[in-house]
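[1] coordinates only, sequence not included:
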C-alpha cells in the first residue's frame with residue numbers, strides 16, 4: 001500500500017535542534033550513510049541549506065602548484081622538494097582559513113565585509 005507523497009517524503013527526514021551557537025548535530029544514520037568526515041560543504045540552494053560530503057584531495061591544488069614550479073624552471077629532485085614544500089604551505093593556509101571560519105561561526109571573531117576587502121579607501 002503506498003503512502004501519500006507528503007508522508008513518504010517525511011519518512012526520511014528528521015527535525016534537529018539548532019544550538020544557541022547556531023550549531024546542529026547531524027543524525028548518526030545520515031553521518032554514516034554519507035561517510036562524512038570532519039568537514040562538509042554547505043550551500044544555500046532554492047531557500048534550503050544543503051550539506052554535502054567534502055571530497056577534497058591534495059590533488060586540487062597540485063596541478064596549479066606544478067605548473068607554477070615548472071614555469072620557474074624546477075625539475076627532477078628539486079621539483080619534488082619544492083612541490084612538497086608548496087603543498088605543505090597550501091595545507092597550512094587552508095587550515096588557518098578553516099580555523100578563522102570556525103571562530104567567525106562561533107562568534108569569537110568578526111568577519112570582514114565586502115567593503116573591508118575590496119574598498120581600501122573605506
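    All right, it came through fine. Quantities reported herein were computed from a predicted structural model and do not represent experimental measurements. Numbering: from 1, shown residues only.
[2] lowest-pLDDT helix or strand in the chain?
    helix 5-11 (a mean of 44; mean pLDDT, DSSP states H and E).
[3] Beyond it, next helix or strand please.
    The helix or strand immediately downstream of helix 5-11 is helix 28-33, counting by DSSP states H and E.
[4] what about that following helix, average pLDDT?
    Averaging pLDDT along helix 28-33 yields 87.
[5] end to end, how far does stretch 24-37 reach?
    15 Å (Cα to Cα, to the nearest Å).
[6] next one: stretch 15-33
    With Cα to Cα applied, stretch 15-33 spans 18 Å between its terminal residues.
[7] Stretch 94-114 now?
    OK, stretch 94-114 end separation, Cα to Cα: 20 Å.
[8] what comes into contact with that stretch?
    For stretch 94-114, the surrounding residues in contact (Cβ atoms under 8 Å, 6 or more residues apart in numbering) are 21, 22, 39. From N, CA and C alone the C-beta is placed, and that goes for glycine too.
[9] for stretch 26-33, same thing?
    Contacts of stretch 26-33 (Cβ under 8 Å, 6+ apart): 14, 16, 36, 51.
[10] can you do 6 Å?
    For stretch 26-33, the surrounding residues in contact (Cβ atoms under 6 Å, 6 or more residues apart in numbering) are residue 14.
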